[in-house]
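Asks: Provide a 3D model corresponding to the input given below.
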Amino acid sequence: MAQLPISRNEQLPWVILRLGRHRLALSARHVREMAAMPPITEVPGDSPLLRGMIDLRGELLPLMDLRRMLGLPSLEQQLGQVEAMLEQVEGEHRTWLADLCAAVAQGRPFTRAMSPEECSFGRWYAGFSTDDPHLVPHIAALDSPHRQVHAAAGEVASLLDAGLAQQAGELLERQQGGVLARLLRQLDSVRSALAQSRKEIAVVVDSPEDAGLALAVDEVVAVEEIISGAASLEQADLGPLNRRLLAGVGQRLTGGDMVFLLEMPHLLEQGRALAGQS
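Replies: Got it, this is the predicted structure:
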């Protein structure tokens, strides 16, 4: 593919999109509209690239999943994995603490694992990574209250081992309203961040020769000038991105970040073909 010449904005600004950690850009001349995602109507077919149809003020448009077109996991798949782990974390730790309460009530030793690294959340957290910048601080904030819950349970277990069941019970009661409540609040914070991440944007694109179609994106970051042709695709770390849908690399004037420029003819061609199959 020929390298794009270095130029300032081609007389129009660029729309900067976010898909996970990736920043992409398409020329504003191809963008008709950007809107909060309306309800999606599923259509027959087995292509994961075509999400369905959307209605924008009476106009029916095919909705393409730009993530999957570019070779990335769908947003629902990515967020669903995190959501499932949150449910598991809360359920397991409630059961774990219920067992601790039973041990205190019965005055018997608590024999379950105490290390925060040994529970399923600790193992998951050690290997966790996400390309969603909105989720990172919320997930990271779970680590401290999770460790504090395990540390508090360790203190309760030590009192039980020393035969101090009453003191163990008093400490456990205080901690349930303290570190455990903090962990549950942080889990709710992550759920709120997940809900926010699900608020996709529909970007309607077209050309003089084409009827419009909509692209589902995580976020529209900005509409601004960029320097196109700032680097070659051969020099860029594409990761899993589908090179056929990339025209080159641009550089934002604000901050100097690199962005991948979308190859609109190929994108529209693939979108037309999939929409036609439905």
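
Asks: from now on I want contacts and neighbour counts done on CA atoms only, so please keep to that.
Replies: Noted.

Asks: what segments of this structure are helices?
Replies: Here the chain has its helices, by DSSP state H, at 66-69, 75-106, 120-126, 136-140, 143-161, 165-176, 179-197, 264-277.

Asks: can you put those helices in JSON lines and add mean pLDDT, mean neighbour count and distance to residue 20?
Replies: Formatted as JSON lines, the helices of the chain follow (pLDDT from 0 to 100; neighbours: other C-alpha atoms under 10 Å; distance: least, C-alpha to C-alpha, whole Å):
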{"stretch": "helix 66-69", "mean pLDDT": "93", "mean neighbour count": "20", "distance to residue 20": "9"}
{"stretch": "helix 75-106", "mean pLDDT": "83", "mean neighbour count": "15", "distance to residue 20": "8"}
{"stretch": "helix 120-126", "mean pLDDT": "83", "mean neighbour count": "15", "distance to residue 20": "19"}
{"stretch": "helix 136-140", "mean pLDDT": "86", "mean neighbour count": "16", "distance to residue 20": "11"}
{"stretch": "helix 143-161", "mean pLDDT": "87", "mean neighbour count": "19", "distance to residue 20": "22"}
{"stretch": "helix 165-176", "mean pLDDT": "83", "mean neighbour count": "17", "distance to residue 20": "36"}
{"stretch": "helix 179-197", "mean pLDDT": "84", "mean neighbour count": "18", "distance to residue 20": "10"}
{"stretch": "helix 264-277", "mean pLDDT": "79", "mean neighbour count": "16", "distance to residue 20": "19"}
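
Asks: so for residue 14, which of those sits nearest?
Replies: In this view, the helices of the chain are compared for proximity to residue 14 by C-alpha to C-alpha, and helix 264-277 is the closest at 12.6 Å.

Asks: neighbouring contacts of the closest one?
Replies: 26, 30, 45, 47, 49-50, 62, 64, 206, 210, 213, 244-245 (C-alpha atoms under 8 Å, 6 or more residues apart in numbering).

Asks: thinking again about what came up before, in CSV: the helices of the chain, plus distance to residue 225.
Replies: As requested, the helices of the chain are exported to CSV (distance: least, C-alpha to C-alpha, whole Å):
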stretch, distance to residue 225
helix 66-69, 22
helix 75-106, 28
helix 120-126, 39
helix 136-140, 29
helix 143-161, 40
helix 165-176, 53
helix 179-197, 26
helix 264-277, 18
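
Asks: circling back: mind picking the lowest-pLDDT entry from the contacts of helix 264-277?
Replies: Lowest pLDDT of the contacts of helix 264-277: residue 210, 65.

Asks: how many residues are close by residue 230?
Replies: Counted by other C-alpha atoms under 10 Å, the residues lying close to residue 230 total 19.

Asks: skipping adjacent residues, who's closest to it in space?
Replies: Excluding the flanking residues, the one nearest residue 230 by C-alpha to C-alpha, 6 or more residues apart in numbering is residue 250, at 5.0 Å.

Asks: the one you found touches residue 260, doesn't it?
Replies: Yes - Residue 250 is within contact range of residue 260, at 6.2 Å (criterion: C-alpha atoms under 8 Å).

Asks: these two: who's more crowded?
Replies: residue 260 (28 against 25).
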